[in-house]
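>>> from the sequence below, what's the structure:
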Amino acid sequence: MPSWQRLQLQLQLQLQLQLQLQLQLQLQLQLQLQLQLQLQLNQH
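As a prediction, the model looks like this:
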């Protein structure tokens, strides 16, 4: 396998990892928002 192909594969893998991380962060944020909303609702 030529080195440029290996490089391409590595870059793709990195991008996939970054995407996964972003998705995880989004999920965390959504959960936090839900929790905050629930807390606010409970206070009233």
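>>> for residue 2, give me phi and psi.
In terms of degrees, to the nearest 10, the main-chain angles of residue 2 are phi -60, psi 160.
>>> quick one: the helices in the chain?
Assigned by DSSP state H, the helices in the chain fall at 3-43.
>>> roughly how far does residue 13 sit from residue 41?
As for residue 13, its distance to residue 41 is 42 Å (criterion: C-beta to C-beta, to the nearest Å). The way it works is simple: take the backbone N, C-alpha and C, and place the C-beta from them, glycine included.
>>> one more: residue 12?
From residue 12 to residue 41 the distance is 43 Å (C-beta to C-beta).
>>> next: residue 30.
Per C-beta to C-beta, residue 30 is found 16 Å from residue 41.
>>> burial check on residue 17, number of neighbours?
Other residues lying near residue 17 total 10 when counted by other C-beta atoms under 10 Å.
>>> let me know the pLDDT of it.
In the prediction, the pLDDT value recorded for residue 17 is 98.
>>> and residue 44, by the same measure?
Predicted confidence (pLDDT) for residue 44: 73.
>>> again, but for residue 31
Here the pLDDT value assigned to residue 31 is 98.
>>> what count of nearby residues applies to it?
By the criterion of other C-beta under 10 Å, residue 31 has 10 neighbours.
>>> now the one 5 residues further on
When neighbours are counted by other C-beta under 10 Å, residue 36 registers 10.
>>> quick one: it from residue 43, how far?
Distance, residue 36 to residue 43, using C-beta to C-beta: 11 Å.
>>> what is the neighbour count of residue 24?
As a burial measure, residue 24 scores 10 neighbours (other C-beta under 10 Å).
>>> now do it, the pLDDT please.
We have a pLDDT of 98 for residue 24.
>>> any idea how far residue 15 is from it?
From residue 24 across to residue 15, the span is 15 Å (C-beta to C-beta).
>>> kindly report the same for residue 21.
Using C-beta to C-beta, residue 21 is found at 11 Å from residue 15.
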